[in-house]
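**Student:** pasting a predicted model and its sequence here:
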Amino acid sequence: MFYRDERLALFIDGANLYAAARALGFDIDYKLLRTEFMRRGKLLRAFYYTALLETEEYSPIRPLVDWLHYNGFSMVTKPAKEFTDSSGRRKVKGNMDIELAVDAMEIAPHVDHIVLFSGDGDFRPLVESLQRQGVRVSVVSTIRTNPPMIADELRRQSDNFIELDELREVIGRPPRGDSGSHQNNDND
């Protein structure tokens, strides 16, 4: 539940939201997402967190990052780390959990409601701490995939769970294929 006069902040775990939307078969239209939450309350900030591959000349996520930056999103990025796993596969790691948690704790005294776009169970203690500070927390993810994209403990801790699939008509668009794809960040 949202109240029109409450101060809102959005915290978007980019890789997690991308994976959830992709699993449901649609892409996020971030302009529509921002508009939807401006309608639901007084949107103070919309943070977007992602790791970027600095080694590649062109990163498929760069146009999205640039667009978000110029269209009212507070971008939080850091270089992704590349490594080879034990079976010789190239992997990219870019966990942004700490950055997101620190920013949420800092903004907590200035907002009434935080909307977290992630299903990562590591955020459960953050949600609990924000609630102790009097902030309501809604979590946006999906239980309609197999397995669900949201950790059960995060869903139970939140004040409100918003099923991403139910936002499809409001903030979604058909997938564009792999040309606009988001790099795969391991979030462990």
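**Tutor:** Ah, there it is.
**Student:** helices of this structure, start to end?
**Tutor:** Secondary structure of the chain (DSSP state H): helices at 14-24, 30-40, 62-70, 97-107, 124-132, 152-157, 168-171.
**Student:** contacting residues around the fifth one?
**Tutor:** It refers to helix 124-132. For helix 124-132, contacts defined as C-beta atoms under 8 Å, 6 or more residues apart in numbering pick out 100-101, 104-105, 108, 114, 116, 137, 139, 151, 153-154, 157-159. Every C-beta, even on glycine, is put in place using the N, C-alpha and C of the backbone.
**Student:** let me see the contact set for R155.
**Tutor:** Contacts of R155 by C-beta under 8 Å, 6+ apart are G119, V139, S141, I143, F161.
**Student:** got a quick ChimeraX command for the buried subset of the contacts of helix 124-132?
**Tutor:** With 16 or more other C-beta atoms under 10 Å as the criterion, this ChimeraX line picks the buried residues out of the contacts of helix 124-132:
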select :100,101,104,108,114,116,137,139,151,154,157,158
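**Student:** quick one: list the elements packing against the top strand by length along the chain.
**Tutor:** Longest strand in the chain by number of residues (criterion: DSSP state E): strand 42-52. Applying 3 or more C-beta pairs under 8 Å, 6 or more residues apart in numbering; DSSP states H and E, we find strand 42-52 packed against strand 7-13, helix 14-24, helix 30-40, helix 62-70, strand 74-79, helix 97-107.
**Student:** from the chain's centre, how far out does the third one sit?
**Tutor:** On the basis of C-alpha atoms, centre = their mean, to the nearest Å, helix 30-40 sits 14 Å off its chain's mean C-alpha point.
**Student:** then stretch 109-117?
**Tutor:** Centroid separation for stretch 109-117 versus its chain: 13 Å, with C-alpha atoms, centre = their mean.
**Student:** same deal with stretch 134-147?
**Tutor:** Computed by C-alpha atoms, centre = their mean, the separation of stretch 134-147 from the middle of its chain amounts to 11 Å.
**Student:** send the alpha carbons of that stretch over as CSV?
**Tutor:** Extracted as CSV, the C-alpha positions of stretch 134-147 are listed here (Å, rounded to 0.1, in the frame of the first residue of the first chain):
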residue,chain,number,x,y,z
GLY,A,134,10.2,3.5,11.0
VAL,A,135,10.6,3.1,7.2
ARG,A,136,8.1,0.9,5.4
VAL,A,137,9.7,-1.4,2.9
SER,A,138,8.1,-2.8,-0.3
VAL,A,139,10.0,-5.5,-2.2
VAL,A,140,9.5,-6.0,-6.0
SER,A,141,10.4,-9.4,-7.4
THR,A,142,8.6,-12.5,-8.6
ILE,A,143,7.4,-15.8,-7.2
ARG,A,144,6.0,-16.8,-10.6
THR,A,145,9.2,-18.3,-11.9
ASN,A,146,10.5,-21.8,-11.1
PRO,A,147,12.4,-21.4,-8.8
